[in-house]
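Undergrad: A structural model of the following input is requested.
(2 chains)
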Amino acid sequence: MNTHNAIRLVSLLSIWMLAAQGQIFQPQLAPANFLGRITSNTVILQQPYCVFTQTCPGCEIWLVAALSTGTGNFNALVNISSPISLSVSPYPTAFLPSSAQFFLTRVGPLANFPCNTAPAFPYFTVGADGICTGINCNGVLPVGSIVSFRYLLIDPSNYTVVNMTNWGGPFNLTTLLSYQTINDGLSARSGAMVVITTLLCVAVALLLLVFFIMLCVSCCGKKDGKTVTVMSSIRIPRYDTHNLKEHVHPYDNQAYEPDAKNYSRSQTLPKSPVRK
Amino acid sequence: MGAVTCLMVTVVGLNAIAAAAGLALSAVAIWVAVDGYKLYPISGVSGKDDIFAGAWIAIFTGFAFFLTCIFGIFAALKRSRALMLVYLIIMFIIFLFESASAITSATNRDYLVGNSNLVKKQMLQYYADSSTQGQQITMTWNNVMTQVQCCGADGPTDWIQYNSTYRQLFGAASLWPLGCCKRQSSNFEVVDPIGCKAGVTSSMFTQGCFQYIESVLSRYTWAVSWYGFSVLMLVFFTLVIAMIYYTQLP
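TA: Numbering: from 1, shown residues only, chains lettered A, B, ... in the order given. This next block holds a predicted model:
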């Protein structure tokens, strides 16, 4: 019983230590202020600085990019200290339905990623080579898929895996929408447009109405119009000679009263019955 | 007699103000039609350019208001019924055209910039396209991105979320156009090409351009439609008083 508990304790401890080491012992995504860190077919990862701390002259760091089934396939194929064939799943055919669903690509020699340097831009893009044809090229991932990554430390002299990190991920790539799916129809009518339209239509209608009222009033209302005083608007020529200007009114004859319009002066024009 | 003279003075005064307002409307509409912000291709390519059509109508109706109101001053001073009737009919016709211009501009603005969808779809479809429309849109967006320091319609994520002509042509090289990258003020070179390509928020512009485009097109629209509306309200009162004056004439 005592040894049983001791074994349990030790295994718990080792698992805890491995887990604590495994929290950073996997490929890390670029920080959140990288807007393009996950796109539909590329991912930006942190370069493997200070990930593998063992000395291994001439060793190289490689990356495995795998879909969900690919992780299982890779785990079944490769273990630590086992040999590996780098062309086990070439990139051009890696993601066909019958293939292994993972591919390997070279990141760089271990000597390039020491612990004590902190470069300015320690990130690299998985998928930077685009759609490429090499066996181990850094090609784009399937659009919208769910991918996981793993760093491998490989000894190129005998093609054995010296060390492996844990699986980083899974990362959901964004699905690419077609721009045709954007609905660019009318969204809503603004309040300003409604106000302008209604008020202007009302104004036009009112104007038309007042216009017709005006025409009716001016056409039909002519009969009982106000009498216009003659005084200020009729011009009458003067036919008097100079000697008749001041005193004599020889034409003030009652018989000729209707001809009053021939008379020139306002005094001679009758307001009341003509005086002699 | 005093009332008629008072009415005449009012008509003459209002016509003078309406003439000045009409001339100002014509000037403002010329400013809109000239398109100093060079955003016409966005509405031209989409086929919804009635903001500018309304501006063109307003140029002519504004000037017509000016001339007709001067004629109206003359007709009022002459106290002639025939001339006043001619004036009223011409003013009413111009009123109809100007209200059409104001309504058209305001309505069309809602189609263009009610939300960012049309501008975004047009950008994704035509930016970097080699057709004439594509060239116009590309030039317009490059200008906007550099002047306003913005990227995409709602933000740079537009380029990541949606497929686009630019992505199909240049997507392998870069996620978004170079106009999205911050540039040095001294020699206009990109500050951090690698960072901009990866999307580091400190090396590129993260705000969307739609707000700027919407504000400019709205400014054009309000110039034509709200100012046209206010001129029309002034003309409405002028015409009502002129009609009353007409009924008082012999």
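Undergrad: state the pLDDT value of residue 25.
TA: Chain wasn't specified; assuming chain A. Here the pLDDT value assigned to A:Phe25 is 83.
Undergrad: can you look at chain B instead?
TA: For B:Leu25, the pLDDT comes out at 97.
Undergrad: part of a strand, is A:Thr125?
TA: Yes. Counting by DSSP: H, G, I helix; E, B strand; the rest coil, A:Thr125 is found in a strand.
Undergrad: residues contacting it?
TA: A:42-45, A:138, B:198 (CB atoms under 8 Å, 6 or more residues apart in numbering or on different chains). All C-beta spots, glycine's among them, are computed from the backbone N, C-alpha and C.
Undergrad: in ChimeraX, select just the buried ones from these.
TA: ChimeraX command restricting the contacts of A:Thr125 to the buried ones, with burial defined by 16 or more other CB atoms under 10 Å in any protein chain shown:
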select /A:42,43,44,45,138 /B:198
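Undergrad: contacts only, for A:Val64.
TA: A:74, A:102-104, A:149-152.
Undergrad: in helices, which of these fall?
TA: Counting by DSSP state H, the contacts of A:Val64 place A:Phe74 in helices.
Undergrad: same list (the contacts of A:Val64) but as CSV, adding distance to chain B, pLDDT and neighbour count.
TA: Formatted as CSV, the contacts of A:Val64 follow (distance: CB to the nearest CB, whole Å; pLDDT from 0 to 100; neighbours: other CB atoms under 10 Å in any protein chain shown):
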residue, distance to chain B, pLDDT, neighbour count
A:Phe74, 27, 89, 25
A:Phe102, 22, 90, 26
A:Phe103, 18, 90, 26
A:Leu104, 21, 90, 25
A:Phe149, 17, 92, 24
A:Arg150, 22, 90, 23
A:Tyr151, 20, 91, 23
A:Leu152, 24, 89, 25
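Undergrad: find the centremost residue of chain B, please.
TA: Relative to the mean C-alpha position of chain B, the nearest C-alpha, by CA atoms, centre = their mean, is the one of B:Tyr220, at 2.5 Å.
Undergrad: nearest residue to that one in space, please, no chain neighbours.
TA: B:Val32 (4.7 Å; CB to CB, 6 or more residues apart in numbering or on different chains).
Undergrad: how about the one you found, what does it touch?
TA: B:51-52, B:55, B:58, B:220, B:223-224.
Undergrad: what's the neighbour count on B:Gly72?
TA: Neighbourhood size, B:Gly72 [other CB atoms under 10 Å in any protein chain shown]: 28.
Undergrad: in terms of helix, strand or coil, where does it fall?
TA: helix.
Undergrad: surely it meets B:Val11?
TA: Yes. Counting by CB atoms under 8 Å, B:Gly72 does reach B:Val11; the two are 7.2 Å apart.
Undergrad: what touches both of those two?
TA: Both B:Gly72 and B:Val11 are in contact with B:238, B:242, where contact means CB under 8 Å, 6+ apart.
Undergrad: which of the contacts of A:Thr125 lies closest to A:Thr241?
TA: Nearest to A:Thr241 among those, counting by CB to CB, is B:Ala198 at 113.6 Å.
Undergrad: so how far is A:Leu96 from the closest one?
TA: 30 Å (CB to CB, to the nearest Å).
Undergrad: wait, what's in contact with A:Leu200?
TA: Going by CB under 8 Å, 6+ apart, the list of residues near A:Leu200 reads B:99, B:102-103, B:229, B:232.
Undergrad: now, these that are in helices?
TA: Using DSSP H, these in helices are B:99, B:102-103, B:229, B:232.
Undergrad: leaving out the residues flanking it, which one is nearest to A:Thr175?
TA: Counting by CB to CB, 6+ apart, the nearest residue to A:Thr175 once its immediate chain neighbours are dropped is A:Gly144, at 3.8 Å.
Undergrad: got a list of what the residue lying closest to B:Gly152 once chain neighbours are set aside touches?
TA: The shortest distance from B:Gly152 to any non-neighbouring residue, by CB to CB, 6+ apart, is to B:Asp158 (3.9 Å). Residues near B:Asp158 by CB under 8 Å, 6+ apart: B:120, B:123-124, B:152, B:208.
Undergrad: most widely separated two among the residues you listed?
TA: B:Leu124 and B:Gly208 (13.2 Å).
Undergrad: more neighbours: the two, which one.
TA: Neighbours were tallied for B:Leu124 and for B:Gly208 using other CB under 10 Å; the higher tally belongs to B:Leu124 (24 against 21).
Undergrad: correct me, but that one touches B:Gln168?
TA: No. The pair B:Leu124 / B:Gln168 is not scored as a contact, 10.5 Å apart, by CB under 8 Å.
Undergrad: just to revisit the earlier point, from the contacts of B:Asp158, pick the one nearest A:Ala128.
TA: Sorting these by distance to A:Ala128 puts B:Gly152 at the head of the list, at 22.4 Å, by CB to CB.
Undergrad: now do that closest one against B:Gln161, distance only.
TA: 10 Å.
Undergrad: looking at the two, which one has more neighbours?
TA: The neighbour comparison of B:Gly152 against B:Gln161 (other CB under 10 Å) goes to B:Gly152, with 29 against 20.
Undergrad: the more buried one: what secondary structure?
TA: Three-state call for B:Gly152 (three-state DSSP): coil.
Undergrad: who are the contact partners of it?
TA: B:120, B:123, B:158-159, B:176, B:180, B:208-209.
Undergrad: mind running it again at 7 Å?
TA: Each residue near B:Gly152 by CB atoms under 7 Å, 6 or more residues apart in numbering or on different chains is listed here: B:158-159, B:208-209.
Undergrad: quickly check those for the two that are furthest apart.
TA: B:Trp159 and B:Cys209, at 12.1 Å, using CB to CB across the contacts of B:Gly152.
Undergrad: need the contact list for the closest residue to B:Cys151 other than its chain neighbours.
TA: The shortest distance from B:Cys151 to any non-neighbouring residue, by CB to CB, 6+ apart, is to B:Cys180 (3.5 Å). Counting by CB under 7 Å, 6+ apart, B:Cys180 touches B:145, B:151, B:156, B:196, B:204-205.
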